[in-house]
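Q: Quick check, what structure comes out for this input:
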Amino acid sequence: MRLVVLGGGGFRVPLVHNAIRSDERITELVLHDVDAHRLAAVRAVLAGGPPITATTDLDEALAGADFVFSAIRVGGLRGRAVDERVAHAHGVLGQETVGAGGVAYGLRTVPVARDLARRIARLAPEAWVVNFTNPAGLVTEAMAEHLGGRVIGICDSPVGLCRRVARKLGVTDPVFDYAGLNHLGWLQGVSTGGPNLLPGLLADDSRLDFEEGRLFGGEWLRALGSVPNEYLHYYYSTREAMGGDRGAFLLAQQERFYRGEVDWETTRLEREATYMAHDREGDRDSLEGGGYEHVALALMHALAGGDPTTLILNVRNGSTLSTLDEEAIVEVPCAVDRTGARPLPVSPLPDHAGALVASVKAVDRLVLEGTRSAALKAFALHPLVDSVSVARDLLEAYATGHPELAYLR
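A: Numbers count the residues shown, from 1 in each chain. From the prediction side, this is the model:
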């Protein structure tokens, strides 16, 4: 199989390479990036595994692809740093996929993602596309306009959450009742063929010594009756989660790697150890390297005709969540085989969760419209932006600070 990685000069590409290095079904790994210097720096880190081709020619990379991993970052870490700085200057959350920062990231990424999808549909119409690119749900929805069900979005956050809960419950092969949007989901149940085991776990504070248990606290988890994805921290504790300039930190850190001043592994460990460090309180399970690359590999194996599996993925809703239309991309458990990924039944979301999901999806749809008026509405109507005048200022600042948003000026 010919596997193409778009964004092949990205810092986390070696994690993907490590995951697929011993997979004999992959006959060629193609790395594509628009930045030749970054591409060369990452290529130099990789050793072993299938033959590797590195190219800045997109059409050359895509021709004959069997699988495409899309892991681009439009605007690079400089763009993320601008997203955070502008948001904080206006007193709102600047996290890269949540709130104003997520809207800005989506606005500059969607046009590029659509172009990539059109290219893939033309040059590799039979390829399966696995989307890593954030905001994952929004970008997957944009690409699905041209690729339909052949594009599937992934994230490692639900996997990590479910793994930690299963470990605390002491169960193997559980069924997880998880639903929502990317970075906006709730685990409502865990079973092994019998009753829901989650209420018993939530009732015992001594068993909540895992990441989400510490992050949200037993009282709030019991009030919700579920375990939220860690990114709900930004909605439930907005004031406390304003945080620092993560993008600026990563930009400075990774520039040292790309200049050859520090090795890749040292940089990776520093990156992982500082992610949400103020909330983790030493949770080593959260610092296990990577995660998303293993989800991608499991998905690719099932799609390529290996053993069918069940994974939490970003796919078209169909009738899974009644609060959203059929075409909306949702994050739910899916049955995966060589024919694709099909959402499995989940419990209805409670009113508070369904309303938040509908509100954030409405913002996504405004970003997809791609006009200045719609962009203003996207900022103003996001649950974490509390003022139309602030939204107007955010739009102006982002359009000025990001060359990729010239179409909104």
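
Q: Which helix or strand lies directly C-terminal to the helix ranked longest in the chain?
A: Secondary structure of the chain per DSSP state H: the longest helix is helix 100-123. Downstream of helix 100-123, the next assigned helix or strand under DSSP states H and E is strand 128-131.

Q: Which positions in the longest helix of the chain come out as buried?
A: Across helix 100-123, burial judged by 16 or more other Cβ atoms under 10 Å covers 100-110, 112-114, 116-117, 119-121, 123. No exception for glycine: its C-beta is placed from N, CA and C like everyone else's.

Q: Which neighbouring elements make contact with that helix?
A: If you count contacts as 3 or more Cβ pairs under 8 Å, 6 or more residues apart in numbering; DSSP states H and E, helix 100-123 packs onto helix 58-62, strand 67-70, helix 76-89, helix 136-147, helix 351-369, helix 372-381, helix 388-401.

Q: now for those, which one comes closest to residue 303?
A: Closest to residue 303 of these, according to Cβ to Cβ: strand 67-70, at 7.7 Å.

Q: State the mean pLDDT of the closest one.
A: Averaging pLDDT along strand 67-70 gives 98.

Q: Pairing partners for it, with directions?
A: According to DSSP bridges, strand 67-70 forms sheet pairs with strand 2-6 (parallel), strand 128-131 (parallel).

Q: Can you lay out the ones you listed as TSV showing mean pLDDT, mean neighbour count and distance to residue 160?
A: Conversion of the strands paired with strand 67-70 to TSV gives the following (pLDDT from 0 to 100; neighbours: other Cβ atoms under 10 Å; distance: least, Cβ to Cβ, whole Å):
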stretch	mean pLDDT	mean neighbour count	distance to residue 160
strand 2-6	98	26	22
strand 128-131	98	27	18
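
Q: Can you add distance to residue 81 and give those strands back as JSON lines?
A: Below are the strands paired with strand 67-70 laid out as JSON lines (distance: least, Cβ to Cβ, whole Å):
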{"stretch": "strand 2-6", "distance to residue 81": "22"}
{"stretch": "strand 128-131", "distance to residue 81": "23"}
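
Q: Which of the helices and strands packed on helix 100-123 sits closest to residue 22?
A: When those are compared by Cβ to Cβ, strand 67-70 sits nearest residue 22, at 16.6 Å.

Q: any residues touching that closest one, and which ones?
A: The list of residues contacting strand 67-70 from outside it, by Cβ atoms under 8 Å, 6 or more residues apart in numbering, reads 1-7, 16, 62, 113, 116, 120, 124, 127-133, 139, 143, 296, 300, 303-304.

Q: can you list the domains in this protein?
A: Following automatic domain parsing, one finds the domains of the chain at 2-154, 246-287.

Q: Residue 165: which of these is closest?
A: Each of those has some distance to residue 165 by Cβ to Cβ; the shortest is domain 246-287, at 11.4 Å.

Q: Quote the end-to-end distance of stretch 205-223.
A: 13 Å (Cα to Cα, to the nearest Å).

Q: Give the rounded mean pLDDT of it.
A: Along stretch 205-223, the predicted local confidence has a mean pLDDT of 97.

Q: Show me which residues of it are buried.
A: Across stretch 205-223, burial judged by 16+ other Cβ under 10 Å covers 207-208, 210-213, 215-216, 218, 221.

Q: Now secondary structure and distance to residue 230 too, for the residues you listed, in a markdown table please.
A: Shown next, in a markdown table, are those (DSSP: H, G, I helix; E, B strand; the rest coil; distance: Cβ to Cβ, whole Å):
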| residue | secondary structure | distance to residue 230 |
| --- | --- | --- |
| 207 | helix | 18 |
| 208 | coil | 14 |
| 210 | coil | 11 |
| 211 | helix | 6 |
| 212 | helix | 6 |
| 213 | helix | 11 |
| 215 | helix | 6 |
| 216 | helix | 9 |
| 218 | helix | 16 |
| 221 | helix | 13 |
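
Q: for the residues you listed, which one is nearest residue 47?
A: Using Cβ to Cβ, the shortest approach to residue 47 within the buried residues of stretch 205-223 belongs to residue 211, at 32.8 Å.

Q: Verify the contact between the closest one and residue 167 for me.
A: No: with contact defined as Cβ atoms under 8 Å, residue 211 does not reach residue 167; the gap is 11.2 Å.

Q: Wait, a strand at residue 313?
A: Yes: under DSSP: H, G, I helix; E, B strand; the rest coil, residue 313 falls within a strand.
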